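S.K.: Got a sequence here, can you build the structure:
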Amino acid sequence: MTTITAAASATSHSAPGRPRLTQARIVRSEWTKLRSLRSTLFTLLAAVLFVVGLGILISWGRASHWSQESPGDRFGFDPTNTSLSGTYLAQLAIGVLGVLAFSGEYATGMIRATLGAVPKRLPVLWAKAGVFAVVTFVLMTIAAIVAFLGGQAMLSAKHIQTNLTHPGVLTAVIGAGLYLTVVGLLGVALGALLRSTAGGIATLFGILLVLPLIVHFLPSNWSRHIERYLPSNAGQSIINVVHDPSAMQPWTGFFLFLGYAVIAVAAAALVLVRRDA
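M.R.: Residues are numbered from 1 along each chain as shown. Prediction:
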């Protein structure tokens, strides 16, 4: 590995006529890798279908059974969150793809060539995270808008719909894209940290799904003080318009979730520069 790195470094800095290694070229390389993988297309398509398909389907189901719902259920009904329900399943697809962005290269051994070409290493992490974040945000935000519009069309049959001008609605719709983007960044960080697809996915699912379930079964005087600070619970507060009084405010919760992801990326950066590929 030392020989490969030294050779790549010497070549990239001294070879006559060779294009200089820049962050822009590394970003372009990572974009090429991401879009050329068949798993990327299928996983992103699955995430879009989850957001749009489930959002519209669940909205239709709520509208169809509206007359049978209890007064309590009607009082707490959130038409925006209902149409964005597919976000909760889409996070699994996005998270898995984020883990694969790094762990997949370790599995195939391609990471040696990648880090050999970029000896400083950290530019690779920034490029992977940046490309993945942009692609996820654009696609998932568009999917959230389509899901919202389709869902509200279903709910309008019972006149229980809302619109983007209602306070908090636009934040929730854009927030769905933001939430899924941060989930993807967390996946990228775990893939770089653990180098294992299975380990990264298991850890991600544990953080997003298992940890809230465990805390839920703690004594209530413990759980109500802990639940709001859990990564997924904090992040998902931005998708809600009708808020639980015990939950965090939308942007407060989102930035806490973003903070967790930033810590994970920082840890991945530290590990990446300290250990061999």
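S.K.: correct me, but Asp126 touches Ala24?
M.R.: In this structure residue 126 is Trp, not Asp. No: here Trp126 does not reach Ala24: they are 11.5 Å apart, not a contact under CB atoms under 8 Å. Bear in mind the C-beta positions are built from the backbone N, C-alpha and C, glycine included.
S.K.: could you measure the residue nearest the centre of the chain against Leu97, distance?
M.R.: Most central in the chain under CA atoms, centre = their mean is Val183, positioned 2.5 Å from the mean C-alpha point. Noted for Val183: a distance of 10 Å to Leu97, by CB to CB, to the nearest Å.
S.K.: Over to Ile201?
M.R.: Distance, Ile201 to Leu97, by CB to CB: 10 Å.
S.K.: now do Phe137
M.R.: From Phe137 to Leu97 the distance is 14 Å (CB to CB).
S.K.: So for these two, which sits in the more crowded spot?
M.R.: Leu97 (27 against 17; other CB atoms under 10 Å).
S.K.: which ones are touching the more buried one?
M.R.: With contacts defined as CB atoms under 8 Å, 6 or more residues apart in numbering, Leu97 is in contact with 39-40, 43-44, 47, 132, 184, 187.
S.K.: swap the cut-off to 10 Å and go again
M.R.: Leu97 is in contact with 34, 37, 39-40, 42-44, 46-47, 104, 132, 135-136, 183-184, 187-188, 191, counting by CB atoms under 10 Å, 6 or more residues apart in numbering.
S.K.: Buried ones from the residues you listed, can you make that a PyMOL selection?
M.R.: This is how PyMOL selects the buried members of the contacts of Leu97, with burial counted by 16 or more other CB atoms under 10 Å:
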select buried, resi 34+40+43+44+46+47+104+132+135+136+183+184+187+188+191
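S.K.: Can you tell me which of the contacts of Leu97 end up in strands?
M.R.: Of the contacts of Leu97, none are assigned to strands by DSSP state E.
S.K.: taking the contacts of Leu97 one by one, which sit in helices?
M.R.: 34, 39-40, 42-44, 46-47, 104, 132, 135-136, 183-184, 187-188, 191 (DSSP state H).
S.K.: Tabulate the CA atom coordinates of the helix or strand Asp73 falls within in PDB.
M.R.: Under the criterion of DSSP states H and E, Asp73 resides in helix 71-75. Coordinates of each C-alpha in helix 71-75 appear next as PDB, following Å, rounded to 0.1, in the frame of the first residue of the first chain:
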ATOM      1  CA  PRO A  71     -62.500  12.100  17.500                       C
ATOM      2  CA  GLY A  72     -59.100  11.700  19.100                       C
ATOM      3  CA  ASP A  73     -57.600  10.400  15.800                       C
ATOM      4  CA  ARG A  74     -59.200  13.200  13.900                       C
ATOM      5  CA  PHE A  75     -57.900  15.800  16.400                       C
END
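S.K.: in that helix, what counts as buried?
M.R.: Quick answer for helix 71-75: no buried residues (16+ other CB under 10 Å).
S.K.: What lies in contact with it?
M.R.: By CB under 10 Å, 6+ apart, helix 71-75 touches 62, 65-66, 69, 160, 242.
S.K.: want to throw these into a markdown table with secondary structure?
M.R.: A markdown table is the format used below for the contacts of helix 71-75 (DSSP: H, G, I helix; E, B strand; the rest coil):
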| residue | secondary structure |
| --- | --- |
| Arg62 | helix |
| His65 | coil |
| Trp66 | helix |
| Glu69 | coil |
| Ile160 | coil |
| Val242 | coil |
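S.K.: Out of those, grab the one that's most surrounded.
M.R.: Arg62 (21 neighbours).
S.K.: helix, strand or coil for the nearest residue to Val96 once chain neighbours are set aside?
M.R.: Among residues not flanking Val96 along the chain, Ile201 sits closest, at 5.6 Å (CB to CB, 6 or more residues apart in numbering). Look at Ile201: counting by three-state DSSP, its state is helix.
S.K.: Work out for me the element Val241 sits within.
M.R.: Using DSSP H and E, Val241 falls outside every helix and strand.
S.K.: Please tell me the pLDDT value assigned to it.
M.R.: With respect to pLDDT, Val241 has a value of 94.
S.K.: Since that was my last question, I'll sign off now.
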